[in-house]
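1. from the sequence below, what's the structure:
(one chain, ligands or ions: 1)
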Amino acid sequence: MSTPGRPPRKCRRIVGVSTKMYFSADKTTNFTSTFSSNLNDLLEPERLKIASTTDVFIIPDFIQLRGVIDSLRSRPPNLGGTESILVGAQDCHWEDYGSFTGEVSPAVLAAVGCRIVELGHAERRRLFGETDETTAKKAAAVVRNGMIPLVCVGEVSQPQVGTEGLEKAVEEVMVQVRSVLAAIADKEAEVILAYEPVWAIGASEPAGVDHVLGVVRRIRENEEFQARMEGSVRILYGGSAGPGLFDKLKSELDGLFLGRFAHDPEQFVKTIREVAEA
Ligand SMILES: O=C(CO)COP(=O)(O)O
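-> The predicted model follows:
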């Protein structure tokens, strides 16, 4: 059910996980294989319906990225293979090639089969000095290389309860959103925004539903957002997300971006099912 007065959105749902730097090499391999076969087994008999309405993604660390792509390629499409699971990277550089020691090229990511690149995560902004400017340049590079930028936005501090708190959060988030959209000239380019209030990341529970819906509603009302082709910009919620959440957010959100609460492949598959069926 959509919000009264607003037409239903014409876009696919999307749900995924970033393993950040939580997993050993073996754990990533085991997680990928358990999760993709669980997805196959647990989603029967609705598997085809879910594959036709919902995108699923997994964002491992850089070293494991290629192995995850290859292991999913060995499964048939729509059965937990790469056609139904998009594999993403946790960052990239804004140039394709050059003297940038330690960086990862978006062109190389695209060439090995990476489909999504996560950018501007709160941890990268806080610990590694990422700014709106570098995030926006990277988003343009990801689009240029035919992949989908998944850009994280969110206010740093937990707002006070009430309208004033919401306004401050919206103000902070809109600066980040505008900067990314301004860098991507193609109004039809696929973009994913992950609304991740920084204070809700790594917490025991997600941000309050009213707050999340309030901020995301304002993103959707924004002029730059509305200038995009309908459905080309999808919005996820992230920050202690897990099973049991999406149903409360479905009026404004297109999906969820999970962290810790997807480390158990069964919980991840449960959440995928909830997002697809909500
Ligand atoms: O940062 C996140 C996803 O990008 C969320 O992490 P947690 O769900 O572990 O809080």
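2. how about the residues of this protein near the ligand?
-> 18, 121, 196, 201-202, 238-241, 257-261 (Cβ under 6 Å from any ligand atom). No exception for glycine: its C-beta is placed from N, CA and C like everyone else's.
3. pull out the buried residues from those residues.
-> Using 16 or more other Cβ atoms under 10 Å as the burial test, the residues of the chain next to the ligand include 18, 121, 196, 201, 238-241, 257-261 as buried.
4. so how far is residue 20 from the residue in the chain that the ligand sits nearest to?
-> Nearest to the ligand, among the residues of the chain, is residue 259, at 2.3 Å (Cβ to the nearest ligand atom). Residue 259 sits 7 Å away from residue 20, taking Cβ to Cβ, to the nearest Å as the criterion.
5. ok, now residue 192?
-> In terms of Cβ to Cβ, residue 192 sits 17 Å off from residue 20.
6. of these two, which one has the most company?
-> Higher neighbour count among residue 192 and residue 20: residue 192, with 25 against 16, using other Cβ atoms under 10 Å.
7. who does the host helix or strand of the more buried one touch, helix- and strand-wise?
-> Residue 192 is part of strand 191-195 when elements are defined by DSSP states H and E. Strand 191-195 sits against strand 148-153, helix 163-183, helix 209-221, strand 233-238, with contacts defined as 3 or more Cβ pairs under 8 Å, 6 or more residues apart in numbering; DSSP states H and E.
8. just want the angle from that strand to helix 209-221.
-> 150 degrees (axes from the mean of the first three to the mean of the last three Cα atoms, to 10 degrees).
9. pairing partners for strand 191-195, with directions?
-> Partner strands for strand 191-195, per DSSP bridges, with pairing direction: strand 148-153 (parallel), strand 233-238 (parallel).
10. output it as PDB, nothing but the C-alphas.
-> Extracted in PDB, the C-alpha atoms of strand 191-195 (Å, rounded to 0.1, in the frame of the first residue of the first chain):
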ATOM      1  CA  VAL A 191      21.400   5.900  -8.800                       C
ATOM      2  CA  ILE A 192      20.800   4.400  -5.300                       C
ATOM      3  CA  LEU A 193      20.800   6.600  -2.300                       C
ATOM      4  CA  ALA A 194      21.200   4.900   1.100                       C
ATOM      5  CA  TYR A 195      19.800   7.100   3.800                       C
END
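11. least confident secondary structure element in the chain?
-> helix 47-53 (a mean of 69; mean pLDDT, DSSP states H and E).
12. how far does the helix or strand just after that helix sit from its chain's centre?
-> Next helix or strand after helix 47-53 toward the C-terminus (DSSP H and E): strand 54-59. Remark: strand 54-59 is offset 8 Å from the chain centroid, using Cα atoms, centre = their mean, to the nearest Å.
13. do stretch 133-147 as well
-> Offset of stretch 133-147 from its chain centre (Cα atoms, centre = their mean): 15 Å.
14. same deal with stretch 160-179?
-> Per Cα atoms, centre = their mean, the centroid offset for stretch 160-179 relative to its chain is 20 Å.
15. the spatially closest residue to residue 143 that is not a sequence neighbour: which element?
-> With sequence-adjacent residues excluded and distances taken as Cβ to Cβ, 6 or more residues apart in numbering, residue 143 is closest to residue 189, at 4.8 Å. Taking DSSP H and E as the definition, residue 189 sits outside all helices and strands.
16. and residue 189, what pLDDT?
-> Note for residue 189: predicted pLDDT of 96.
17. same check, this time on the one 5 residues further on
-> The per-residue pLDDT reported for residue 194 equals 98.
18. I'd guessed it sits against residue 150; true?
-> Yes - counting by Cβ atoms under 8 Å, residue 194 touches residue 150, with 6.0 Å between them.
19. out of those two, which sits in the more crowded spot?
-> Per other Cβ under 10 Å, whichever of residue 194 and residue 150 has more neighbours is residue 150, with 30 against 27.
20. residue contacts, that one?
-> Contact analysis of residue 150 by Cβ atoms under 8 Å, 6 or more residues apart in numbering lists 57, 59, 88, 116-119, 192, 194, 236, 257.
21. so what's residue 256 up against?
-> Per Cβ under 8 Å, 6+ apart, neighbours of residue 256: 15, 236-238, 241, 245-246, 249, 271, 275.
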